[in-house]
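Q: Whatever this is, show me its structure:
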Amino acid sequence: MKKTNKSFDLNMHVARLLMDEPFFASLSRRVNKVANTEFPTAGVRVNPETAQFEMIYNPEFFEKLDDAARKDVLKHEFYHLVFEHVTGRKPDSANPRVWNFATDLAINSHLNNLPESCVKPGQGPFADFPTGLSAEAYLALLKKKQEESEQEGSGEGNTEEENPEGEDSGEGNSKPGDGLPQDGQFDSHDDWGQCDSTTEEIAKERLKEFVKKAADDANQSGRSWGSVPASCRRDIMERLKTHVDWRNVLRYFIKTSTRANKRSTVKRVNKRYRYIHPGKKVQRQANIAISIDQSGSVDDEMLQAFFSELSKLAKLASFTVIPFDTRVDESLVYKWKQGQNHKTERVMCGGTCFNAPTEYVNKNGFDGHIVLTDLMAPKPKASKCQRMWMTTKYYASRPYFKTNERILAIDV
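A: Okay, the predicted model is just below:
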């Protein structure tokens, strides 16, 4: 992708543009902005190499807009992320072109300062469409509009023969037989759905974390959610409540905690410098710590459930098991290798202190830390690597301390 050093740098303007938008400002900090003069306007995507979210933008396009339009273009792109349009929400049977219009109609209902050519419910070709619907609802209306257009076309002869040169008839600039305008989408949706399943899964879980943090920031700010309508807030909060299968969460946690070890190899062609430089072969190895709370408050049934889940996790990766109560006995720490089975065993039975496993993990340089516990102890010190908690549904609803870290509830 060709980048540019043009004078207009969007990164220099974002903070000012979103000063009164706490939710979008928080989300924006987690989206990379990449300038590209070969890109016509703007668009968001998942980077297929890193699973990070990017906004590609043309500096010349943004430089011509006033501040109000720039802000709405930013919000338009972020709404695509929030409503999961980029990460595979499209119904399987939906035509991509029609789905693109549906997503834009859903978003543009809430924006008033976009470029004039943008589609919007209640205006232009969609004057009979109500505002404030979901993308799926607009998809249904668009399909109905297409069917009506096809019926009208079949009764009026061959449109292409009447206008063989494809000239603009001046009646809405619609594609013959399509029922949709040729223009109206200022941004690009071309890179949606271009990642492999693993990258997309990582991106989906990452997006949930980003949106949750943005919602928390908005709720804690004195300006609330800014311009986000109440209906959108309800939709966003409902999405955050959606249950995520723990296997997907753990798979995401393992893969995003993985370090990449690269070495040169002549057997793999370098994609950028073909046959000039050797390619890179990547071997990914995750160094994951699993701390198991063995205090007296964790009963045998819960402990057995933890070991059962770890047996399933061992199908994905190897990890280090750290039994603890108020301390960590290093002689009891062991490596659970991928594919192995281990029986349930209790080796400690004291109180609970989460600082003990945290200090051990911080000291030994792990990439990720999962704590299996009933959460019945004070909040621990900060972790140097990403940390997640696993507990039962009962204790997940009654945590002893508050945390922004992910808590995964399992059935017992």
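Q: Going by C-alpha atoms from here, please, whenever you check contacts or count neighbours.
A: OK.
Q: CA-only coordinates of stretch 35-44 in PDB, if you can.
A: Coordinates of the C-alpha atoms in stretch 35-44 are reproduced here as PDB (Å, rounded to 0.1, in the frame of the first residue of the first chain):
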ATOM      1  CA  ALA A  35      -2.700   8.100   4.600                       C
ATOM      2  CA  ASN A  36      -2.800   6.800   1.000                       C
ATOM      3  CA  THR A  37      -3.100   9.100  -2.000                       C
ATOM      4  CA  GLU A  38      -4.100   6.200  -4.200                       C
ATOM      5  CA  PHE A  39      -7.200   5.700  -2.100                       C
ATOM      6  CA  PRO A  40     -10.100   7.800  -3.400                       C
ATOM      7  CA  THR A  41     -11.700   8.900   0.000                       C
ATOM      8  CA  ALA A  42     -11.700   6.800   3.100                       C
ATOM      9  CA  GLY A  43     -12.500   3.400   4.500                       C
ATOM     10  CA  VAL A  44     -11.900   1.000   7.400                       C
END
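Q: Residue ranges in the stretch 301-412 of the chain under the pLDDT threshold?
A: 411-412 (pLDDT under 70).
Q: Strands of that one, start to end?
A: Here the stretch 301-412 of the chain has its strands, by DSSP state E, counting those that start in this stretch, at 319-324, 334-336, 368-372, 386-392, 407-410.
Q: nearest to A102, of these?
A: Set against A102 and scored by CA to CA, those come closest in strand 407-410, at 34.0 Å.
Q: strands paired with the closest one, and their directions?
A: With DSSP bridges as the test, strand 407-410 is paired with strand 386-392 (parallel).
Q: between the strand it pairs with and strand 368-372, how big is the angle?
A: Per axes from the mean of the first three to the mean of the last three CA atoms, to 10 degrees, the angle that strand 386-392 makes with strand 368-372 is 20 degrees.
Q: Please identify the deepest-packed of the strands of the stretch 301-412 of the chain.
A: Among these, ranked by average contacts under mean count of other CA atoms under 10 Å, first place goes to strand 368-372 (a mean of 24).
Q: how about the CA coordinates for that one, as PDB?
A: The C-alpha coordinates for strand 368-372 follow below in PDB (Å, rounded to 0.1, in the frame of the first residue of the first chain):
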ATOM      1  CA  GLY A 368      -0.400 -13.800  28.800                       C
ATOM      2  CA  HIS A 369      -2.000 -14.700  32.200                       C
ATOM      3  CA  ILE A 370      -5.300 -16.500  32.800                       C
ATOM      4  CA  VAL A 371      -6.400 -16.800  36.500                       C
ATOM      5  CA  LEU A 372      -8.900 -19.600  37.400                       C
END
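Q: ok, D299 to E405 distance?
A: Distance, D299 to E405, by CA to CA, to the nearest Å: 24 Å.
Q: try C349
A: With distances taken as CA to CA, C349 is found 26 Å from E405.
Q: Have a look at these two and say which one is more surrounded.
A: Ranked by neighbour count (other CA atoms under 10 Å), C349 and E405 place C349 first, with 16 against 12.
Q: If we ignore the residues flanking it in sequence, what's nearest the more buried one?
A: Nearest non-adjacent residue to C349, counting by CA to CA, 6 or more residues apart in numbering: S295, 4.6 Å away.
Q: okay, now the one you found: neighbour count?
A: Burial of S295 is recorded as 22 neighbouring residues (other CA under 10 Å).
Q: Model confidence score at it, please.
A: The model reports S295 with a pLDDT of 94.
Q: and what of the one 4 residues further on?
A: Per-residue confidence for D299 comes out at a pLDDT of 90.
Q: Helices of the protein, start to end?
A: All helices of the chain, identified by DSSP state H, fall at 11-17, 22-28, 59-63, 67-82, 96-108, 135-154, 159-162, 197-220, 230-241, 246-256, 300-313, 355-364, 393-396.
Q: Make a markdown table out of those helices and add distance to F126.
A: Shown next, in a markdown table, are the helices of the chain (distance: least, CA to CA, whole Å):
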| stretch | distance to F126 |
| --- | --- |
| helix 11-17 | 29 |
| helix 22-28 | 28 |
| helix 59-63 | 26 |
| helix 67-82 | 18 |
| helix 96-108 | 9 |
| helix 135-154 | 9 |
| helix 159-162 | 22 |
| helix 197-220 | 30 |
| helix 230-241 | 21 |
| helix 246-256 | 39 |
| helix 300-313 | 50 |
| helix 355-364 | 57 |
| helix 393-396 | 46 |
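Q: Tell me which of those sits most buried.
A: Most buried of these by mean neighbour count (mean count of other CA under 10 Å) is helix 22-28; its value is a mean of 23.
Q: Would you indicate which residues of stretch 29-40 are buried?
A: Of the residues in stretch 29-40, 30-31, 33-37, 39-40 count as buried by neighbour count, 16 or more other CA atoms under 10 Å.
Q: ok now it, how far from the chain's centre?
A: With CA atoms, centre = their mean, to the nearest Å as the basis, stretch 29-40 stands 17 Å off its chain's centre.
Q: can you give me the mean pLDDT across it?
A: 92.
Q: Show the end-to-end separation of it, please.
A: End to end - CA to CA - stretch 29-40 spans 23 Å.
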